[in-house]
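Trainee: the following block contains a protein sequence and its predicted model.
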Amino acid sequence: MRKLAMQGRVWGSSAAATAALIVPLLCRGRQARRLVSGRVSWRQRDGVCGVSASQERTLVEFEEVNGWPQILDRSWLLPSAATKTTEVVGREGDWGSVEGELPGSCFHVIRDDLLHPIMGGNKLRKLDALIPLLQARGVTDVVTCGGCQSAHTAAVAVACAEMGMKAHLLLRGERPAIPTGYNLVAGMYGYVTYIPRSEYADRQTMLQKYAMQLAGDPSCVILLNSKLLTESSAPGNSKRVAILNEGAGDCHAILGLIRLVNYLSQPSRFGNQERLRIVVDCGTGTTAIGLAIGIALNGLPWQVVGVMLADTQEGYEKQADRLLSEFSQEYSAHTWEVDLCQKGSSLPILWRERFQPRKFGRILPGEVQTCQGIARETGILLDPIYTLAGWEVANKLCHGTGAGDGEVVLLHTGGTLGLFGLAQRYPLQF
Ligand SMILES: Cc1ncc(COP(=O)(O)O)c(C=O)c1O
């Protein structure tokens, strides 16, 4: 057995450990098929562009990895990891308060929002391995939770229904006067229960209580971590109830993100040589952390830029520690080990605030109009809670002072049905 050893961060800042490199960045196989609209243009990722960048990179030694790709040899929800990429050039109005725009600067948008009409975006990536895993273990019922307009709960409901399982969705707060957006979808595909906020505050107790009620026997309740998936249910009880964390914040969700990184690192996509900064808007942080684990496992010179929307940096680092340790425990039976799987802070992630931080879920005046402008100019629909935050950071990175630090890629995390709920809460903004 050989193991992946990673000393220090690829994107580390220790002066002693860094060496200045001049790396020609070549985006191979891309043909600039530009569709220009006013000051904005975008092109499909099938053309050529060349960039040079001076970059500092920690010298790391990788022993050859043997075996870990086998964990990707499994059943998936998505038939393929393939996704479309759109390149955005220029800016319209106030896309993230960028100053000193460099003509021709651009970033790429990974159009995961187009993967599925409801489950699109990071939800599907997180469920990509998880749902088949549950199905293979004979799970009959899944219990999970989220906010009233949770895209995660709606995605779980759709995926479970498609795979012959029942989804029980514990939604925080009260039933809305008019069900719409993800709330409506959740109720159409799954079984919704509204939970008082005081009870919801202790999510683990709440999830376990509801799962127990459903299963009627503790041995039929399956937790997804600590290898409990293999536990057998009581004889005579046909139910096997699995608890899925809020936002699929679970180590098995990481597999789908690793699969995406593998796909993106193919020569026909971004390759494995260029520096890349992948911007992701974060709720639980699972998507950003999963991508970073995929990057580290592949030894790629990439970095995730996680835009913190629902927690502090400390909270996200704790989440990275937890997921990393659960992930290495769960998958250590495979023929690989990862030295870096000890500390979340050694992952290639830069956590950063959104431009105008606020309490999670708030929108500021003018943000709906910004989303509207971007949709009209580029054909890419964003929402002001999540994806606009990522867009602003991507735009800033590719136009700002670190513009030469590698290509900027925004993962479109989907979530556009959330606009329906927002329109109900803030009708005058639409
Ligand atoms: C549109 C959108 N972006 C980002 C996120 C946050 O993802 P994560 O919880 O993996 O950080 C979510 C929630 O799943 C979402 O719906």
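Mentor: Ah, there it is.
Trainee: contacts and neighbour counts: CA atoms only from here.
Mentor: Noted.
Trainee: number of nearby residues for Arg259?
Mentor: Arg259: 24 surrounding residues under other Cα atoms under 10 Å.
Trainee: so which strand or helix has it?
Mentor: Using DSSP states H and E, Arg259 sits within helix 254-264.
Trainee: now whichever helix or strand comes after that helix: how far from the chain's centre is it?
Mentor: The C-terminal neighbour of helix 254-264 among helices and strands, as given by DSSP H and E, is strand 276-282. On the basis of Cα atoms, centre = their mean, to the nearest Å, strand 276-282 sits 9 Å off its chain's mean C-alpha point.
Trainee: mean confidence for the following helix or strand past strand 276-282?
Mentor: The first helix or strand that comes after strand 276-282 along the chain, using DSSP H and E, is helix 286-298. Helix 286-298 shows a mean pLDDT of 95.
Trainee: elements contacting helix 286-298?
Mentor: Applying 3 or more Cα pairs under 8 Å, 6 or more residues apart in numbering; DSSP states H and E, we find helix 286-298 packed against helix 254-264, strand 276-282, strand 302-308, helix 313-331, strand 349-353.
Trainee: how about a cut-off of 7 Å?
Mentor: helix 254-264, strand 302-308 (3 or more Cα pairs under 7 Å, 6 or more residues apart in numbering; DSSP states H and E).
Trainee: and Arg425, what is it in contact with?
Mentor: Listed by Cα atoms under 7 Å, 6 or more residues apart in numbering, Arg425 has no contact partners.
Trainee: tell me the spacing between it and the ligand.
Mentor: 17 Å (Cα to the nearest ligand atom, to the nearest Å).
Trainee: relative to the ligand, which of the helices and strands packed on helix 286-298 is closest?
Mentor: Relative to the ligand, the nearest member of these by Cα to the nearest ligand atom is strand 302-308, separated by 8.4 Å.
Trainee: just to revisit the earlier point, from the helices and strands packed on helix 286-298, which stretch is densest packed?
Mentor: Most buried of the helices and strands packed on helix 286-298 by mean neighbour count (mean count of other Cα atoms under 10 Å) is strand 302-308; its value is a mean of 26.
Trainee: what is the mean pLDDT for that strand?
Mentor: Mean per-residue pLDDT for strand 302-308: 98.
Trainee: paired strands for it, with orientation please.
Mentor: With DSSP bridges as the test, strand 302-308 is paired with strand 276-282 (parallel), strand 349-353 (parallel).
Trainee: make TSV out of the helices and strands packed on helix 286-298 and add distance to the ligand.
Mentor: Conversion of those to TSV gives the following (distance: least, Cα to the nearest ligand atom, whole Å):
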stretch	distance to the ligand
helix 254-264	10
strand 302-308	8
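Trainee: now for the ones you listed, which one comes closest to Leu291?
Mentor: Closest approach to Leu291 among the helices and strands packed on helix 286-298 (Cα to Cα): helix 254-264, 5.2 Å.
Trainee: and the closest one, what does it pack against?
Mentor: helix 122-136, helix 286-298.
Trainee: ok, back up a step: dump the helix holding Arg259 to PDB, restricted to CA.
Mentor: Output of helix 254-264 as PDB, limited to C-alpha atoms (Å, rounded to 0.1, in the frame of the first residue of the first chain):
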ATOM      1  CA  ILE A 254     -17.800  14.200  -0.200                       C
ATOM      2  CA  LEU A 255     -17.600  11.400  -2.800                       C
ATOM      3  CA  GLY A 256     -19.700  13.300  -5.300                       C
ATOM      4  CA  LEU A 257     -17.400  16.300  -5.000                       C
ATOM      5  CA  ILE A 258     -14.300  14.200  -5.500                       C
ATOM      6  CA  ARG A 259     -15.900  12.800  -8.600                       C
ATOM      7  CA  LEU A 260     -16.500  16.400  -9.800                       C
ATOM      8  CA  VAL A 261     -12.900  17.400  -9.200                       C
ATOM      9  CA  ASN A 262     -11.700  14.300 -11.100                       C
ATOM     10  CA  TYR A 263     -13.900  15.300 -14.000                       C
ATOM     11  CA  LEU A 264     -12.800  18.900 -14.000                       C
END
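Trainee: give me the contacts around it.
Mentor: 72, 81-82, 125-126, 128-129, 270, 287, 290-291, 293-295.
Trainee: same check on stretch 178-191?
Mentor: Residues contacting stretch 178-191 (Cα under 7 Å, 6+ apart): 148-151, 153-154, 157-158, 161, 166-169, 417-418, 420-421.
Trainee: just the buried members of the residues you listed?
Mentor: 148-151, 153-154, 157-158, 166-169, 417-418, 420-421 (16 or more other Cα atoms under 10 Å).
Trainee: for the ligand, tell me which of those residues show up nearby.
Mentor: Cross-checking these against the ligand (Cα under 6 Å from any ligand atom) gives Ala151 as the overlapping residues.
Trainee: quick one: which of the buried ones among the contacts of stretch 178-191 sit in strands?
Mentor: Among these, DSSP state E puts Lys166, Ala167, His168, Leu169 in strands.
Trainee: what would those residues look like in a markdown table with pLDDT?
Mentor: As requested, those are exported to a markdown table (pLDDT from 0 to 100):
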| residue | pLDDT |
| --- | --- |
| Lys166 | 98 |
| Ala167 | 98 |
| His168 | 98 |
| Leu169 | 98 |
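Trainee: what residues are up against Gly247?
Mentor: Per Cα under 7 Å, 6+ apart, neighbours of Gly247: His152, Thr284.
Trainee: got the strands paired with strand 302-308 as JSON lines, with mean pLDDT and distance to the ligand columns?
Mentor: Listed next are the strands paired with strand 302-308 as JSON lines, based on pLDDT from 0 to 100; distance: least, Cα to the nearest ligand atom, whole Å:
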{"stretch": "strand 276-282", "mean pLDDT": "98", "distance to the ligand": "4"}
{"stretch": "strand 349-353", "mean pLDDT": "97", "distance to the ligand": "12"}
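Trainee: packing partners of the strand or helix carrying Ala394?
Mentor: According to DSSP H and E, Ala394 maps onto helix 387-399. In terms of contacts (3+ Cα pairs under 7 Å, 6+ apart), helix 387-399 is packed against strand 106-110, strand 276-282, strand 407-411.
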